[in-house]
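> All I have is the shape, not the residue letters:
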């Protein structure tokens, strides 16, 4: 509600912020409102931190697909401090795996200050990786043959999260190192408990160094957006963290990221987050966005005063709580269609079309979309299984599927097995999203797109219904649907006017832009109408024609130039009739043209019905 | 991975579980595997609970849209015990609101056993509503004029969650009451701290009673699925909890639901959950599903031994962690289209079509889908804002939108304001999902569907481009596109054969199933082709025709019977020509039919092009 008011009532301010969109305007109102909040104090336990300007205040929101909204001091550098902890946890998980990590660091909130020297008495582990003791142990788990290599590992990883190289603030680093006795004590205690191996000073140096990385509010939000995007930096496309550890990092942020305020933070804000003593907070909403706030003055728990308030407000105004219910499974089946709508672009002779029309439940297409995970694939599985009566070929179109996890892949295999047991066939279109190994060829037939999948299904249905067709070869045009009802003498005149040509596979018969001055009859082989797509590299099959069918005849009504290429698929024999010759015959015999136009109108009417059925299936 | 193996390798078991689907088969393997785990002990601090059969073991999974998968002892009754706590918290929130609740109960994990007598020393509040002290205070907040009314409130609420009436197990209730000294002590302490008002014994009775409700594993999973579905029971469609409190309940389950195992539970399972001492656990994945497990033996923390292990395994196998990243915003714009594809069914005269064809960027349609919340609407807003060049009417089709929250509604208003400032118009189709008050009529023009929205946009574009058309009234058929090129004497013969009729608004001109024996020319008024939809109550406009246009002419090639109704929209004057008369004229003059068929083929060709453009826009 408040956001609604805020957004709607900013018109009066619009003059000075004309170029800002609504989201920047909203964030600006938060800056204005919370700037007056001057509680808290800048951290001073490290002398260099005490020099921070308490009036600095920036907010940055980065979406999971990499769009940035930033206001205020979002480009001012500060040292990352404890915000580094979840990211170092991610590196330690990558280097050592879950078991090794959990053997040395717990994942329970501690109920103690961040710099407390307490461990879980049963295991001697630090409570969690978000307190200093746990973070020092995590730093000790970063692998590398030398201290320089380990440091490179850390800097490189942060650079991937941020999208550019990152530097250590040497002044802060020296200050941390000189005044870090308490952390040194923690480090040695951890080594005493066997949680930390190797040179303690080296690990502490690396720990101080990572705390002293110089970042901006925008950098931190980008790091968060990388987690929100499953570990891939959405601006650069570079993977920063193995996808399987993203939930681990977010879980620990969720339960332990805000020190003793964590439970209330889950309740009030509901966004996994981490704060640092330099005044930064980053919150991550998986799959959606990250927010970062920078404002140095801290509350007694060590969290940025304005940062906490801004996050609470944004979460409330924008309804960002991670446990808010969004229906993610309702739209997994984008559409399902059969009959006239589930027909390939292969133009077939009338008897074949009649067979396919009669058997119009045999082939069904289910188009899925979005991420396939257990709950969405369960919904899709059920929709498909509830619609099996009369189905023999079940095409699952994966073109709009973004990702398929293991659970969804298992259900897809189960679907294949279920269909096979009932003598039905699962056919996958655009199955490249599955990867070559996840769904082997023997489990389901794969095609590059729905058109070729449907073409194959149709040929299976036709093969079961009639003997194989013998290709028509010869000069006769009798039987061509466009010429139905023509008296024999008119047909003979037309055949005499036609020129027969043969074309090789790949040869172009008609080129887009050529004058539309003839129509063609296929005597043998196959050609297809192809449209070069906007990117210039791919093409799209609009129609395919075999023996007994005509193409190019819309020139009779449309004229002008050709609007697509016609390419030879299989070596073809074609009869070509120039429009001028056709019209010349028509002038001598008006009933000739009436018959041809009537047949053309009938063909177009059939195509129109099929196109309308497709529109209705696409847009029910 | 394990699930994959499990699912794929169950073929050998299939003989005996033939009727089970893959999900039940998977759950059955979990029963088999974890049945051998016989650690833990049945709770005995209440004598009646000690009588439970430790071998009982059931699992139930209910999806957020209400599909049930259950195996083992999922129908055996047990008392709900602490699983009642989050649901009673929801009732207390409904009755008193957030502020009143937080004034008396905290939301931090306590780090103490569930029946500890500890409070937050700063506020004297119990730590959270998942421990007994907090739950007793929450029970005290349930409103009602009498103890009976408060009890009815509780029973009615549980019945809504479960979908059927629920009863108190009187033996367990008596046993709880007789042995509840510790809870009595907590109750009086809470009253002493001012956290509990009224009759302490009455509230404790209500507390013992709600703990003693008799439920099954399936009931508990259904209660969870109701939370997963935003507070509405997915089987009955009945709302059980105000939607705005669902995240509150889930948050507290997330941070405090599994006692001292909560942090590790978030890390390992990642599903907000609650357990009870009778051996039940319910976990909720918002928007997706709920899982319930029932197995009485408990571990030292008070959680069901098998229940914890089954939940860990299911979460891992099915990748259910709540912080797992799913890309929810990628598909919010289902499709965008303009030009020939963004055209209403209003069939217009050729000059009007030419205006619309030339100005084919003026109107654009963006079809949104799924839930609109901040992150998804931000993505939609950006897609729409990035495509404004040349746009004057921006139609946003909300038909496939399930829900619009406040943040998304604000952004939609901002979109309207942004467009208005640039002299563009936001047009909403299927805006009923917004509710009448959320998007006032002055902010955006609303239409019931895309077709009427496009019709209005087209008329705006046409009005700006040319003077208003004077309706043609008279018997002349000159200018009818179907008759282009007919010599005057043939036109006169046709006009003589036509009969003129007038029809009133709502009158049916052609009825589906009638013989297709005539074609019609509109001289004045408007008619439309309507298809009665499967549900028999609604209809769909396929085309609308005004003066100067013909309809029913596909009878010329298709014959047979009419496939849709034609209804009068505005009082109309029509010229009807019987097909027999037309053919009779054609027999005498073959060039007459050639001209009409050529015109018909041209019209059909245009319609086919438009339909194909629509197919490509729908399925790019």
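Received the coordinates, thanks. As the structure is a prediction and not an experimental result, all values here were calculated from the model.
> how about the nearest residue to residue A:539, chain neighbours excluded?
In this structure, residue A:539 finds its nearest non-sequential neighbour in residue A:530, 4.4 Å apart by CB to CB, 6 or more residues apart in numbering or on different chains. Quick note: C-beta positions are derived from backbone N, CA and C, even for glycine.
> isn't that neighbour right up against residue A:568?
No. Residue A:530 lies out of contact with residue A:568 (CB atoms under 8 Å); the separation is 10.8 Å.
> okay, now the closest residue to residue A:276 other than its chain neighbours: neighbour count?
Spatial nearest neighbour of residue A:276, chain neighbours left out: residue A:81 (3.3 Å); criterion: CB to CB, 6+ apart. Other residues lying near residue A:81 total 25 when counted by other CB atoms under 10 Å in any protein chain shown.
> Could you check the pLDDT of residue A:81?
pLDDT recorded at residue A:81 is 95.
> Contacts only, for it.
Residue A:81 makes contact with A:49, A:211, A:276, A:277, A:278, A:280 under the criterion CB atoms under 8 Å, 6 or more residues apart in numbering or on different chains.
> Which members of those are positioned in strands?
residue A:280 (DSSP state E).
> What helices and strands are in contact with the longest helix along chain A?
Looking across chain A with DSSP state H, the single longest helix is helix A:590-618. If contacts are counted by 3 or more CB pairs under 8 Å, 6 or more residues apart in numbering or on different chains; DSSP states H and E, helix A:590-618 sits against strand A:333-338, helix A:555-558, helix A:579-588, helix B:555-558, helix B:590-618.
> any idea of the mean pLDDT in stretch A:177-187?
The pLDDT scores in stretch A:177-187 average 90.
> whoops, stretch A:33-41 was the one
pLDDT averaged over stretch A:33-41 gives 90.
> Same question for stretch A:144-158.
pLDDT averaged over stretch A:144-158 gives 95.
> now stretch A:269-286, how far from the centre of its chain.
Stretch A:269-286 has its C-alpha centroid displaced from the chain centroid by 25 Å (CA atoms, centre = their mean, to the nearest Å).
> again, but for stretch A:32-41
Relative to its parent chain, stretch A:32-41 has a centroid offset of 39 Å by CA atoms, centre = their mean.
> try stretch A:404-417
Centroid separation for stretch A:404-417 versus its chain: 19 Å, with CA atoms, centre = their mean.
> That one vs chain B: in contact?
Yes. On the criterion CB under 8 Å from any CB of the partner chain, stretch A:404-417 is in touch with chain B at A:405, A:406, A:407, A:409, A:410, A:411, A:413, A:414, A:417.
> Format the residues you listed as CSV; extra columns: neighbour count and pLDDT.
What follows is these, written out as CSV (neighbours: other CB atoms under 10 Å in any protein chain shown; pLDDT from 0 to 100):
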residue, neighbour count, pLDDT
A:405, 18, 85
A:406, 19, 84
A:407, 26, 86
A:409, 19, 88
A:410, 25, 86
A:411, 28, 88
A:413, 20, 87
A:414, 21, 87
A:417, 18, 87
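> In helices only, show me these.
Using DSSP H, these in helices are A:406, A:407, A:409, A:410, A:411, A:413, A:414, A:417.
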